[in-house]
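# Can you look at this prediction? I've put the sequence above it.
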4 protein chains.
Amino acid sequence: MTTPIRKNFSSDNVGPVCPAIMRAMIEANTGDVPSYGSDPWTEKLTAIVRERFEAPEAEVFAVSTGTAANALALSALVPPYGGVYCDGVAHIQTDECGAPEFFTAGAKLLTLPSRDGKLSADALRRKLDASRALGVNHVLPTAVSVTQATEWGTLYAPDELRAITGLARELGLHVHMDGARFANALATLGCAAAELTTRAGIDVLSLGATKNGAMAAEAVIFFKPALAQEFARRRKRAAHTWSKARFLSAQLIAYLTDDLWLENARTANRAAARLAEGLGAIPGVELLFPVQINELFVVMPDALIARLREAGYLFYDWYLPDGVAARDGTSPVRLVTSLDATEADVEGLLSVIPG
Amino acid sequence: MTTPIRKNFSSDNVGPVCPAIMRAMIEANTGDVPSYGSDPWTEKLTAIVRERFEAPEAEVFAVSTGTAANALALSALVPPYGGVYCDGVAHIQTDECGAPEFFTAGAKLLTLPSRDGKLSADALRRKLDASRALGVNHVLPTAVSVTQATEWGTLYAPDELRAITGLARELGLHVHMDGARFANALATLGCAAAELTTRAGIDVLSLGATKNGAMAAEAVIFFKPALAQEFARRRKRAAHTWSKARFLSAQLIAYLTDDLWLENARTANRAAARLAEGLGAIPGVELLFPVQINELFVVMPDALIARLREAGYLFYDWYLPDGVAARDGTSPVRLVTSLDATEADVEGLLSVIPG
Amino acid sequence: MTTPIRKNFSSDNVGPVCPAIMRAMIEANTGDVPSYGSDPWTEKLTAIVRERFEAPEAEVFAVSTGTAANALALSALVPPYGGVYCDGVAHIQTDECGAPEFFTAGAKLLTLPSRDGKLSADALRRKLDASRALGVNHVLPTAVSVTQATEWGTLYAPDELRAITGLARELGLHVHMDGARFANALATLGCAAAELTTRAGIDVLSLGATKNGAMAAEAVIFFKPALAQEFARRRKRAAHTWSKARFLSAQLIAYLTDDLWLENARTANRAAARLAEGLGAIPGVELLFPVQINELFVVMPDALIARLREAGYLFYDWYLPDGVAARDGTSPVRLVTSLDATEADVEGLLSVIPG
Amino acid sequence: MTTPIRKNFSSDNVGPVCPAIMRAMIEANTGDVPSYGSDPWTEKLTAIVRERFEAPEAEVFAVSTGTAANALALSALVPPYGGVYCDGVAHIQTDECGAPEFFTAGAKLLTLPSRDGKLSADALRRKLDASRALGVNHVLPTAVSVTQATEWGTLYAPDELRAITGLARELGLHVHMDGARFANALATLGCAAAELTTRAGIDVLSLGATKNGAMAAEAVIFFKPALAQEFARRRKRAAHTWSKARFLSAQLIAYLTDDLWLENARTANRAAARLAEGLGAIPGVELLFPVQINELFVVMPDALIARLREAGYLFYDWYLPDGVAARDGTSPVRLVTSLDATEADVEGLLSVIPG
């Protein structure tokens, strides 16, 4: 007999589409409109993005996956003989099955190790100092990619971003932000979206929506429009141009309307905070990082892990950050909350733990 | 003042999603399910495809665009130093912005000219005879790609397909079918789906649904499962793996259920047939090909073209087949009917034409 | 018993290195010099090229094969989503095993048919007129490639080149010249090298030397230096940067010194002319093109072909130009003369033919 | 006034071609032979390689650069969605400007850090244990690449190689060896070539000759012939197939004849050993690694570095291994000896150092 599932905390993509976005897709399903993005929804999406990010010249391209957003964005920033600085655990490095290398025709990801998934201007400068002078035998670094929030659920403050982008500017590097969980970061930091992007010196943002309530919709947003040249062709040859483009745009319009992105993110973040509070109070349970968004990285006794799973709670075994070791009989796991996590889900999990 | 649009005959992707498919997406939007394709919808899709195509071992991979289906399929059939025989007007050659070359890492499309968009076993054999012995300076042909229905709306009969695939087998070539409008062809030919695929020697089919009622859903169907090896990784690195995969699968399940694909295709085909009948009766209007599916390629007097557009009917200027010339004062155009074309749309257009 | 070979007319790459070039390599073999092109020979090569081509700002990159020169040059002219217009029998299209597609990361060669291997401004313009408006579904043409001399041994006159490059300029296309047999063309046309390149509007030349006396040396010459940006990295990542670069440069210096390139070409061309004269006088033998360089394309009675081979003369079976048919009992062959073809070789072959 | 150069210890590719190899090229320069590798030299090369490596079925492909040998070899071992384990300082990772990514169409190098440039079976196993289960989001590792001698001049003993290849076999990974300085390693280890390759479980070897006396010649040697399938086409489309192939083969034949490769290596290694002995005796000078081949990695007082350069000795500033720090006022440098390093060169350098 299989245990019935009580709640799936494996990822923020196991849940359904949020009602407002589903409704927007249904409403878009009327009449004929020109295909391939020459429709009113796509036009409106650009207007909304420009307004939300205070970027009146931004160029916006919707795609259906986060990997597409990242890999396509990088392909516009680095030549085939180029390189991209990123953290050693960046999604582009570890979880996209080589899509960045594919889309860039073989450019290299130049990884910097970290404890918390964050690049720093200092580490970047040290890396450059440690490099031999970059000659023809070496790829030409032309971009930096930061992840907000990071793969460890940690956040860049605006001034940390500005330090990185300032150095990048000095070095002639473009800056990409992987914002698969951008809304979750924004909800926590409580600042304007522009504070983390345009005013922080970001050139291109992969804005995620799928993990935060959409069906399959992400936006590549070029704050520096010159970088978007022929991007429509790049997207097409990667087979990421929907003929019925309105259905991608409609998702993103709804996402950015009436603060839906922030509402969804706050719901998920709150559930994670409550889980963190409950788990953090248990002796022998260690949170690897302060929980700032909707992800928890936790080292737990193996017995507790087994007990939670037996009770019907799903989550992934994980791994430890570089340089961290776990005590015997304990293991790292990851829990992710979604916008549909209820209080009952959270309290249910916590109630499994022996008092 | 702009003319109000009466009906858009530009393409079969300007229309909405058909109700049954939209309903299926809404119904799939409930509860948590594992992401990336480990969900019940995706499992069911494979079962339905196997049954419809009488191919109990077929492997099925859903993607969101026809270009993705074609380019990914070819990437599994040809090495980077390989070549694919196809018709000179094949979609993969003319309308995918180089996606096949991108996904195959630079393989070559080896085009054969034709009058009607169809490859033939004879032409293929002549091409091979005319080639110098294929040495190391030449790409290695490893696949043939046929389009059913073709870019000119013409159809391959089952025996024509078998002649091609028989020769291909003899030469050690895999056979791919671009079935962007497969259902339209199937509806006209009135045979079993297997008659045009498995029993005709097709190895991989790109089965289209988007042009025939879906939102964004196509399936790559491997009838020879050995060719599907690591295809999941190919799809992922091309960024075409949806995390919420159930919404791709749900579209395709509905499409293949209760003959929806055939019903939709018949509706569109019928509208095209009625248009063809009406237009064909007009002096000075020439149908370039017998209308077998939902596309009409027509040479018309320029004055008539202008008049139709002024009346609010949209359609594209087109080009002529190789070796065909148009009389002065006439031009080629393309009209495409969709599943939402009403009798009023068709009769409306025909009524513009002076009696 | 195998027939002893009397003379190998298969290609101009079956022969040895000419003495002056071998001597230059031996003389370069002394002492330590910086590697990867920071040596005096490489510096001198640039100076000589600039002088010979009257192009004081030209950038020069030596490589070891003609395919490398062509494919690398194109990779600097077209983006991965781009296209290159070329003749249907261009070497880049037919004989480089997909190297252009590989080096450009999947750009498309857009072929124009011809009778004689030559592009024309008119044909190019017609091709463009026949294309539908180039939208996002189509690759972006950014270059034209011409071959001088062509694959059929025919030549572009300077004004023919200027007509093409003028149109290219108008369309925003770069122009590449495949000059694998440039010296043979130059020797026949008797003009200045600049007349066929810089003054004819060519942006990048692949200058061949291997077929005309070198061991393995070709030069990519950018007359528009802006196009050479980061070309050193392109060459390196294609693994075409010799560490002991002096030995590439030394070959090319010798080639361009004391008119060696022209002397070698004249020798080979003369032998071809004498063969053409002799063969052309034989009833039933047809020269497919006037012989302007060191290649003959000949339709001969099969019996004569067999007789020549039995007598120890080697040459390849060939194919016919588009639209040309051969009478029964005859076949097309290709003969190529090299700089080491002696009068005895030529007269020997002609003497086999029954008087 | 520039200091006259006394001796260039920058690299083993700054020197000339050794006399025996130059002589072999001159002797090959006679008569016509079929091009593209159908010549007697190329046939003989295969025979010699098979004999030297005790590998009667080995397939051999000559190319002109080490980067070509490595990148082409890897392209035969890993699919575009694949990965290659290698040391963090491997040449393929740090010095080939992304050629491996280019040739493999975007496969990933999966680096393991080390202190000495050597992979170990243990580190490889730990890396695998630390990885999450490899799913579709991750590239598929299909190869391991080891460097013999390593980038730090250290050596793998045969049993260390066997431990790695044994694990690789267990994991289904092919094993590539970058043998740019294979002869230098072999000369020191004093074993049979097969002991380090065929009998050690190596599948493909990039055998270097250029750094050890050749002009531009390396061999890709497949000990497992099945891996060489269509490798001739891979080489051609990378533009690395010489038409006058005899001149590549002749270099390698001479290299492997009469123990020339070992003689050259011994000469260079001896010079390095003498330098190491002299430098190692100087207070404040630290050899980072025992000197086993022809490379020295040395931390020296900055004043001494300056003094040596003023005296006319050339060598590169270098960097420190991971985790090693240098005292203030000292810096790391690299010195490389070639087969033409004389006793006077070595003693000259050592005599600059204050007694």
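Done, it's in. Since we're looking at a predicted model, the values are computed, not measured.

# A:Phe289 is in contact with A:Gly153, isn't it?
Yes: here A:Phe289 reaches A:Gly153: they are 5.9 Å apart, a contact under CB atoms under 8 Å. Placement of C-beta: from N, CA and C, glycine included.

# any shared contact partners between those two?
Residues touching both A:Phe289 and A:Gly153 by CB atoms under 8 Å, 6 or more residues apart in numbering or on different chains: A:Phe297.

# Give me the more crowded residue out of these two.
Neighbours per residue, other CB atoms under 10 Å in any protein chain shown: of A:Phe289 and A:Gly153, the larger number sits with A:Gly153, 28 against 18.

# ok, that one - contacts?
By CB under 8 Å, 6+ apart, the contact list for A:Gly153 reads A:289, A:291-297.

# Let's see that with 10 Å instead.
A:Gly153 sits next to A:116-117, A:181, A:184-185, A:188, A:269, A:272, A:276, A:287-297, A:334, A:336 when contact means CB atoms under 10 Å, 6 or more residues apart in numbering or on different chains.

# A:Phe231 too?
Contacts of A:Phe231 by CB under 10 Å, 6+ apart are A:59, A:61, A:72-73, A:75-76, A:204, A:220, A:222, A:225, C:81, C:136.

# Selection in ChimeraX covering whichever of these are buried, please.
Applied in ChimeraX, the following selects the buried portion of the contacts of A:Phe231 according to 16 or more other CB atoms under 10 Å in any protein chain shown:
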select /A:59,61,72,73,75,76,204,220,222 /C:81,136
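
# just the contacts of A:Phe231 now: which is nearest chain D?
Nearest to chain D among the contacts of A:Phe231: A:Ser75, at 11.2 Å, using CB to the nearest CB.

# my guess is that closest one contacts A:Pro100, does it?
Yes: in this structure, A:Ser75 is within contact of A:Pro100 by CB atoms under 10 Å, at 8.1 Å.

# so where's chain A shaky on pLDDT?
Along chain A, segments meeting pLDDT under 70 span A:1-2, A:130-134, A:355.

# Just the contacts of A:Gly153: which are in helices?
Residues of the contacts of A:Gly153 located in helices (DSSP state H): A:184-185, A:188, A:269, A:272, A:276.

# now the contacts of A:Gly153: which count as buried?
Taking 16+ other CB under 10 Å as the criterion, what is buried in these is A:116-117, A:181, A:184-185, A:188, A:269, A:272, A:276, A:287-289, A:291-297, A:334, A:336.

# so of the residues you listed, which ones are in strands?
A:287, A:295-297, A:334, A:336 (DSSP state E).

# Find the helix or strand that A:Asp32 is a member of.
Here A:Asp32, judged by DSSP states H and E, is contained in no helix and no strand.

# Next, work out how far apart A:Ala214 and chain D are.
From A:Ala214 over to chain D the distance is 20 Å, taken as CB to the nearest CB, to the nearest Å.

# Tell me which residues touch the residue lying closest to that residue once chain neighbours are set aside, please.
In space, and not counting its chain neighbours, A:Ala214 is closest to A:Gln251: 4.6 Å by CB to CB, 6 or more residues apart in numbering or on different chains. The neighbours of A:Gln251, taking CB under 10 Å, 6+ apart as the test, are A:17-18, A:20-22, A:24-25, A:28, A:41, A:45, A:62, A:64, A:209-210, A:213-219.

# ok now do the closest residue to A:Ile164 other than its chain neighbours, which residues does it touch?
Excluding its sequence neighbours, the residue lying closest to A:Ile164 (CB to CB, 6+ apart) is A:Ala121, at 5.0 Å. Residues in contact with A:Ala121 (CB under 10 Å, 6+ apart) are A:144, A:160-168, A:170.

# And for A:Asp95?
Applying CB under 10 Å, 6+ apart to A:Asp95 gives the contacts A:66-67, A:70, A:89, A:151, A:180, B:236, D:132, D:135, D:137-138.

# again, 8 Å this time
Contacts of A:Asp95 by CB under 8 Å, 6+ apart are D:137-138.
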